[in-house]
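J.: Predicted model follows, preceded by the sequence.
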Amino acid sequence: MVIPILGIAGNLARKKTSPESAGTFPVTGPLFTTLLVSTIVIVGALTFFPALTLGPILEHLLMFAGKVF
Amino acid sequence: MEQASHGKAKPLADRKLLLRAIADSFGKLNPRVMVKNPVMFVVEVGAVLTTIELVRDTMRHMAHFGFGLQITLWLWFTVLFANFAEAMAEGRGKAQAETLRKARAETVAHRLRADGTLDAVPSSKLRSGDIVLASAGEFIPGDGEVIEGVASVDESAITGESAPVIRESGGDRSAVTGGTRVLSDEIKIRITSNPGETFLDRMIHLVEGASRQKTPNEIALNILLAGLTIIFLLAVVTLQPFAIYSGAPQSIFVLVSLLVCLIPTTIGGLLSAIGIAGMDRMIQRNVIAMSGRAVEASGDVDVLLLDKTGTITLGNRQATMFYPCPNVIEADLANAAQLASLADETPEGRSIVVLAKEKYGLRGREVGHLNPLFIPFSAQTRMSGVDLDGRQIRKGAPEAITKYVAERGNAVPVEIQRCLTEISNGGGTPLLVAENGRALGVIALTDVVKGGMRERFDHLRAMGIRTMMITGDNPLTAAAIARQAGVDDFLAEARPEDKMALIRREQAKGKLVAMTGDGTNDAPALAQADVGVAMNTGTQAAKEAGNMVDLDSNPTKLIEIVEIGKQLLITRGALTTFSVANDVAKYFAIIPAMFARVFPELNAINVMRLGTPHSAILSAVIFNALIIIALIPLALRGVRYRPLGAAALLRRNLLVYGLGGIVVPFIGIKLIDIAILYLHLA
């Protein structure tokens, strides 16, 4: 998994820096924060959701149904 | 011409194109082709696995054969739909290449021998330097330059534009392309290309996209998608041990379904279609992009270099005002100026006639009965005019007329002299008019800024793009026009090397520069610019130096090119966002379904209340396949582009494609589930 990420990083490092303008992707402010956080949460949650469902989530639901181990 | 090419929105598909795309999508199942698209390759491998499992199940007479069969079929459909998207995009280019090939078919050329007699030779035998005659109804046998005559030419084979264009000797409308058809009159053409190297040959190669390479951005996105695919592959593979431990082992069908629903198949399937469609949209606007890279670069452009003449202003200066001498009525001045210009066929001369007509209702009169003697302009006298009815009217450069008036014992009034200076300082060109040796007044010729340019520059500014006007005029004139047109900056008294230096300077600051050009002296700058758009009427050197050719030779189109480039980048981003956001709903469909039989409590997270576990999984897979088909039109057309700043655009598109991407599948999967239950499919 690290290898493709390193690939992207290498690609980005080769890019030249460009000055800011009205056409620049804004990386400050609530919009970008929301975007970044939700991307991390969605991609992260998606990765662990299947395992979590069988673990804590199921256990929680079972507990409410009165089954405890 | 501009309007016409706008209105020509080609229908997305016709029957023939569709049938061929369907056939092609099966051909693309070849794993050696598929492996270039890692996401879809994984889906194909999954489909193969379920097919094998299905065959084994059949032999073992397992239960749930119908479910396995449907999952397998829909997995294959997913792959086919993605292939279909790509084939559709390619098909449009191929269809165009076919039309072009027909145009290239052998024709008979009438070659002119040195002694003036004609000689019929096949067009493939023509060499550079040959001179041929083409008359009405005939095909022009090769690329060349009109050296004699004027004709209307049907260039629809190249440009797709049905309205004929005028091609004439001299000037910038002299280039003709082989394979186009002369509609009227007869022209003499000097052939400028050898067989196999014509513009048509190169275009066929380009639109066919046979040599299409992935652009840097596409490669980067592909790596990202491959990374996501690996993550989800690990997530699914590790799920099975958990499931076995929990006493709910999963079948291959369910695991593959989960994997296929999670990996970004939507964008994976549409990625190359989006790229090809970007080039195709350029072709529809009559711009041939030499590479996908050029289209992408045009979306990232920061600075536009625009030539003043023909791009920002109308091609020629036009008469805009009359300034009469004291004691002269303006209408008399207009009348005299019009008479003096009746025989003047230059655009300036014609504009004087038009201005007099518009302002004073003076018609271009029939003066033949007055025996007029027209005096043509010459470089020595620097004036022109007419002698009629005892009147001697002259118009011309201020110095020439001042001298002419002085020779007849008169002087130009001080007010008029001041007026001349004012016009010059304001960026215009004054012409002095005299009658019978007495100055009448001044005509001001000014550059007329094309309509709507200011708004377009405002749009560009909102998009974060700076516009720069390039002109050979003096700084004073340049500043006046730059202010009028609303460009951000200008470069006056520009020589080709200045242009080059300017591009280098901007690039050193990390900016991407786009420009248009047509002359041979533009070639180095075109090659240096990140996006160099050469005009089709331009010289061969310019066309080869640039990375795009505009068949309409309309420099204003640079603005549209930038918009298409931006649209391509935005479409790609929007569909990636949509694709990843879709996963949320699919999880809520598949995960509870996988384990509901063993742990009914998990139905709490079955928020869509899907009917049965099988119908839930099937609905997610079907939605996943159908969304690719549903998004093909969007991928081919591109998302609607609005000239907004990046922040506003991002907010908008996140709302539509991000939030929409989360919500739409919840609704879609639920609807498919209802349909499946209604049809008793699972």
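T.: Nice, I can see it.
J.: okay, which residue is most central for chain B?
T.: residue B:282 (3.3 Å; Cα atoms, centre = their mean).
J.: Need the per-residue pLDDT for that residue.
T.: Looking at residue B:282, its pLDDT reads 85.
J.: measure it to residue B:448 for me?
T.: Residue B:282 sits 29 Å away from residue B:448, going by Cβ to Cβ, to the nearest Å. In short, each C-beta sits where N, CA and C put it, glycine included.
J.: Kindly report the same for residue B:201.
T.: From residue B:201 over to residue B:448 (counting by Cβ to Cβ), the distance is 40 Å.
J.: what about residue B:269, which SS state?
T.: helix (DSSP: H, G, I helix; E, B strand; the rest coil).
J.: Chain neighbours aside, what residue packs nearest to it?
T.: residue B:82 (2.8 Å; Cβ to Cβ, 6 or more residues apart in numbering or on different chains).
J.: Which strand or helix spans the one you found?
T.: Under the criterion of DSSP states H and E, residue B:82 resides in helix B:65-104.
J.: just checking, what packs against the helix or strand just after that helix?
T.: Past helix B:65-104, heading to the C-terminal end, the next element that is a helix or strand (DSSP H and E) is strand B:108-112. Counting contacts by 3 or more Cβ pairs under 8 Å, 6 or more residues apart in numbering or on different chains; DSSP states H and E, strand B:108-112 is packed against strand B:118-122, strand B:131-135.
J.: List the buried residues for the last one?
T.: Of the residues in strand B:131-135, those buried under the neighbour-count criterion (16 or more other Cβ atoms under 10 Å in any protein chain shown) are B:131, B:132, B:133, B:134.
J.: what distance separates the strand or helix carrying residue B:624 from the middle of the whole chain?
T.: Using DSSP H and E, residue B:624 sits in helix B:613-637. Centre-to-centre, helix B:613-637 and its host chain are 31 Å apart (Cα atoms, centre = their mean, to the nearest Å).
J.: What of stretch B:70-80?
T.: With Cα atoms, centre = their mean, you get 36 Å for stretch B:70-80.
J.: hmm, who's touching that stretch?
T.: B:25-26, B:29, B:34, B:40, B:43-44, B:46-47, B:50-51, B:54, B:253, B:256-257, B:260, B:265, B:269, B:617-618, B:621-622, B:624-625, B:628, B:681-682 (Cβ atoms under 8 Å, 6 or more residues apart in numbering or on different chains).
J.: ok, residue B:658 - contacts?
T.: Residues counted as contacts of residue B:658 (Cβ under 8 Å, 6+ apart) are A:35, A:38, B:577, B:578, B:581.
J.: Stretch B:21-41 vs chain A: in contact?
T.: No - Stretch B:21-41 does not reach chain A (Cβ under 8 Å from any Cβ of the partner chain); its nearest approach is 9.9 Å.
J.: As PDB, could you dump the C-alpha coordinates of that stretch?
T.: This file holds the C-alpha atoms of stretch B:21-41, laid out as PDB (Å, rounded to 0.1, in the frame of the first residue of the first chain):
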ATOM      1  CA  ALA B  21     -19.300   0.300 -29.600                       C
ATOM      2  CA  ILE B  22     -21.200  -2.800 -28.300                       C
ATOM      3  CA  ALA B  23     -19.000  -5.100 -30.500                       C
ATOM      4  CA  ASP B  24     -15.900  -3.300 -29.400                       C
ATOM      5  CA  SER B  25     -16.800  -3.600 -25.700                       C
ATOM      6  CA  PHE B  26     -16.600  -7.400 -26.100                       C
ATOM      7  CA  GLY B  27     -13.300  -7.200 -27.900                       C
ATOM      8  CA  LYS B  28     -11.900  -5.200 -25.000                       C
ATOM      9  CA  LEU B  29     -12.500  -8.100 -22.600                       C
ATOM     10  CA  ASN B  30      -9.100  -9.400 -23.700                       C
ATOM     11  CA  PRO B  31      -7.100  -9.400 -20.400                       C
ATOM     12  CA  ARG B  32      -4.100  -7.900 -22.100                       C
ATOM     13  CA  VAL B  33      -6.200  -4.800 -22.900                       C
ATOM     14  CA  MET B  34      -7.900  -4.800 -19.600                       C
ATOM     15  CA  VAL B  35      -4.800  -4.900 -17.500                       C
ATOM     16  CA  LYS B  36      -4.100  -1.300 -18.600                       C
ATOM     17  CA  ASN B  37      -7.100  -0.300 -16.400                       C
ATOM     18  CA  PRO B  38      -6.300  -1.900 -13.000                       C
ATOM     19  CA  VAL B  39      -9.700  -1.200 -11.500                       C
ATOM     20  CA  MET B  40     -11.700  -2.900 -14.200                       C
ATOM     21  CA  PHE B  41      -9.100  -5.700 -14.500                       C
END
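J.: Cool, thanks, signing off.
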